[in-house]
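K.L.:
Provided below are the primary sequence and the corresponding predicted coordinates.
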Amino acid sequence: MEPLHIQQTSSTPLIQFNTGTGTLHISGESYPENSFDFFEPVISWLKIAVTECNELSLDIAITYMNSSSTKCTFDIIDILEEAFERGVKTSIVWRYDRENPRSYEMAEDFRDEVTFPFEIEAIEL
Amino acid sequence: MDLYDLRNEFDKSGMMMCFNGPFSHSIIEETGKAMRNHLVAENISQAAVLDVFAVYIELAQNVRNYIAVRAISPLEAMSSIIAIARQGEKYAVSSGNMVLNTDGEALLKRVNEVNSMTPEEQKRHYRELLRRDIAPGALGAGLGFLEIAKRTTEKLVSSIRPVDDTYSFFTLTAYI
């Protein structure tokens, strides 16, 4: 599988695939200048990745995202759902900030969209 | 230039921060950071700080995207304003920018549409839009006003003022 590593900035998250564990990590805040351009390489990478592996998990800890990043995150989760329906073992651990009730609500909303394992855990500081 | 009168106007409206001029991503980012630091110093909850920040980001990025998509001239783009004011127990976050006369009505209609929905309807509509494909070249997912509404308990307040044959000035305020 192709490596994937995007450095974190103040308005874009760190995005990194750990080949050892088969986990895609996304963390930080997300309100890029152009969310669709920013997430495009991640979405293209993921579409191929789910055809090349039997198992892929997403570990996400985004404390704030703007509405267009929410749309991109939805698309990422949708790709995982489709892969799950084709037999790939996909899963998500969504880490929320205890101080911020909206990050938990958002996790719940996303969990309602999928049929694969989706855990919601508080970020340990 | 004597800024005293301007300062008095700011004082009357409880202005905390205001930026007027063409928005770039770095200006949006830096102003946002400054605003967050300011709010954290006011001793409000982290969730409230994030709500004000989120509304600010949606408004500022809406203005920037509108100006890019509609190719608004640099001269007109100079009128773009974003402001955060303290009004009693609430924060008022406002954006103002030049829009084409032909877009004015549609913008007001969209704000009214969002205002007339119950929180459940807003949530359902948000989900529908998430499922929709993004048009090529679009800079947003059309979620901005709904995202703002999600973070406020009051109705959005919008107005439009005719400027000339081509442009009107559109203002949108959310109270958090």
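P.N.:
Perfect, thanks for sending it.
K.L.:
now the lowest-mean-pLDDT helix or strand in chain A, how far from the centre of its chain.
P.N.:
The helix or strand with the lowest mean pLDDT-type score in chain A, counting by mean pLDDT, DSSP states H and E, is helix A:101-111 (a mean of 91). How far helix A:101-111 lies from its chain's middle: 13 Å, per CA atoms, centre = their mean, to the nearest Å.
K.L.:
so what's B:Phe145 up against?
P.N.:
The contact partners of B:Phe145, by CB atoms under 8 Å, 6 or more residues apart in numbering or on different chains, come to B:58, B:110-111, B:114, B:156. For glycine as for every other residue, the C-beta is placed from the backbone atoms N, C-alpha and C.
K.L.:
so what's it scoring on pLDDT?
P.N.:
Looking at B:Phe145, its pLDDT stands at 95.
K.L.:
helix, strand or coil for it?
P.N.:
Using DSSP: H, G, I helix; E, B strand; the rest coil, the structure places B:Phe145 in helix.
K.L.:
what's the helix or strand that contains A:Ser68 in contact with?
P.N.:
Per DSSP states H and E, A:Ser68 falls inside helix A:67-85. Residues from elsewhere that reach helix A:67-85 (CB under 8 Å, 6+ apart): A:30-32, A:35-36, A:38-39, A:42-43, A:46-47, A:50-51, A:56, A:58, A:60, A:62, A:65, A:90, A:92, A:106, A:110, A:113-116, B:58, B:61, B:129-131, B:134, B:139-141, B:143-144, B:146-147.
K.L.:
Please point out which parts of that helix sit buried.
P.N.:
A:67-77, A:79-81, A:83-84 (16 or more other CB atoms under 10 Å in any protein chain shown).
K.L.:
How about stretch A:116-125?
P.N.:
A:116, A:118, A:120.
K.L.:
how much space between A:Val42 and chain B?
P.N.:
Going from A:Val42 to chain B by CB to the nearest CB, to the nearest Å gives 15 Å.
K.L.:
Which residues outside stretch A:42-58 are in contact with it?
P.N.:
A:1-2, A:4, A:6, A:15, A:17, A:21-24, A:26, A:72, A:75-77, A:79-80, A:82-83, A:88-93.
K.L.:
Mind giving me the packing neighbours of the least confident helix or strand of chain A?
P.N.:
strand A:55-65, helix A:67-85, strand A:89-96, strand A:118-122, helix B:46-69 (3 or more CB pairs under 8 Å, 6 or more residues apart in numbering or on different chains; DSSP states H and E).
K.L.:
Give me the residue at the spatial middle of chain B.
P.N.:
Centroid check for chain B by CA atoms, centre = their mean gives B:Leu59 as the closest residue, at 2.6 Å.
K.L.:
got a pLDDT number for the residue nearest to that one when sequence neighbours are not counted?
P.N.:
Distances taken as CB to CB, 6 or more residues apart in numbering or on different chains put B:Ser95 closest to B:Leu59, at 3.8 Å, once the chain neighbours are dropped. The score at B:Ser95 is 97. That number is its pLDDT.
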